[in-house]
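Colleague: Sharing a model that was predicted from the sequence below.
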Amino acid sequence: MSLRLFVALELPVTVKDGILTVIEDLRSRGTRASWSRSGTMHLTLAFLGDTEEGLLCPLNEALLDASSAVEPFSWTIRGLGAFPSPRRPKVIWAGVDAPEALFELKRRIDAALEPLGFSPERRRFRPHVTLGRVRDDAQATGFEMVLASTESPEFTIPTDEVLLMKSTLKRGGALHEVLDRCPLTGR
């Protein structure tokens with residue numbers, strides 16, 4: 001049996017609530033998108049995709065090894081934007097001011113997962129929290145102006161663990177479940 005997996009950093013409930021306020025502001029001003037729900041908000045470090053259940057133990061060991069080499073750190077959510085651009089948004093995001101420790105953690109995770117058959121993503125790592133996905137260009141009309149006039153969130157998040165997550169796609173959206181927690185210990 002295969003599981004749809006990813007590696008992520010968790011957001012505290014208070015941060016999720018603050019982001020939901022920003023989403024509601026964007027929605028109330030006419031931005032139409034498939035919006036993230038509280039239970040699906042996170043910072044993705046690696047998307048593994050469909051993975052055989054037999055790899056769970058080696059995956060957990062690899063993530064424990066990678067995370068144990070990094071000390072706990074804090075990162076900040078700051079700013080709003082869109083990929084590929086605010087003029088043509090496909091993904092609406094909250095930006096991340098990332099310390100070097102976050103990039104080091106990402107490098108270690110990629111290196112630990114590669115021997116298990118998970119190739120690092122070719123695109124440069126741009127840490128962000130996805131707020132919504134625009135499915136149709138017509139839904140994005142005027143988004144650039146809405147974005148420019150939206151108050152940007154700012155939250156500092158202490159992080160002391162990495163999560164191995166399972167994503168189950170359902171008709172009403174994805175359901176995320178924590179499979180493993182791997183502490184950052186700096187050993």
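Modeller: Yep, it's here.

Colleague: which residues touch Ser36?
Modeller: Residues in contact with Ser36 (Cβ atoms under 8 Å, 6 or more residues apart in numbering) are 19, 23, 129-132. C-beta coordinates here come from the backbone N, C-alpha and C atoms, glycine included.

Colleague: burial count for Glu177?
Modeller: 12 (other Cβ atoms under 10 Å).

Colleague: which residue sits closest to it, ignoring its sequence neighbours?
Modeller: Distance criterion Cβ to Cβ, 6 or more residues apart in numbering; nearest residue to Glu177, sequence neighbours excluded, is Lys166 at 4.7 Å.

Colleague: Just to be sure, that neighbour is in a strand?
Modeller: Yes - under DSSP: H, G, I helix; E, B strand; the rest coil, Lys166 sits within a strand.

Colleague: wait, isn't it in contact with Arg4?
Modeller: Yes - contact criterion Cβ atoms under 8 Å: Lys166 and Arg4 qualify, at 6.7 Å.

Colleague: can you confirm Asp110 is in a helix?
Modeller: Yes - under three-state DSSP, Asp110 falls within a helix.

Colleague: Name the next helix or strand following the helix or strand of the chain with the lowest mean pLDDT along the chain.
Modeller: The weakest-scoring helix or strand in the chain, judged by mean pLDDT, DSSP states H and E, is helix 143-148 (a mean of 90). Downstream of helix 143-148, the first helix or strand assigned by DSSP states H and E is strand 154-159.

Colleague: and Phe83, bridged to which residues?
Modeller: Val91 (DSSP bridges).

Colleague: For Ser74, list each beta-bridge partner.
Modeller: Applying DSSP bridges, one finds that Ser74 bridges with Pro158.

Colleague: Which pLDDT value belongs to it?
Modeller: Ser74 is assigned a pLDDT of 98 by the prediction.

Colleague: Wait, it touches Ala98, no?
Modeller: No - using Cβ under 8 Å, Ser74 makes no contact with Ala98, being 10.3 Å away.

Colleague: So which of those two has more stuff around it?
Modeller: Ala98 (18 against 13).

Colleague: who's in contact with that one?
Modeller: Counting by Cβ under 8 Å, 6+ apart, Ala98 has contacts 75, 127.

Colleague: measure the residue nearest the centre of the chain to Trp93 for me?
Modeller: Residue closest to the average C-alpha location in the chain (Cα atoms, centre = their mean): Leu43, at 2.5 Å. Separation of Leu43 from Trp93 (Cβ to Cβ, to the nearest Å): 10 Å.

Colleague: shared neighbours of those two, anything?
Modeller: In contact with both Leu43 and Trp93: 128-129, using Cβ under 8 Å, 6+ apart.

Colleague: Could I get the full set of strands for this structure?
Modeller: For the chain, the strands defined by DSSP state E cover 2-10, 34-35, 42-52, 73-85, 88-97, 128-133, 154-159, 161-170, 173-183.
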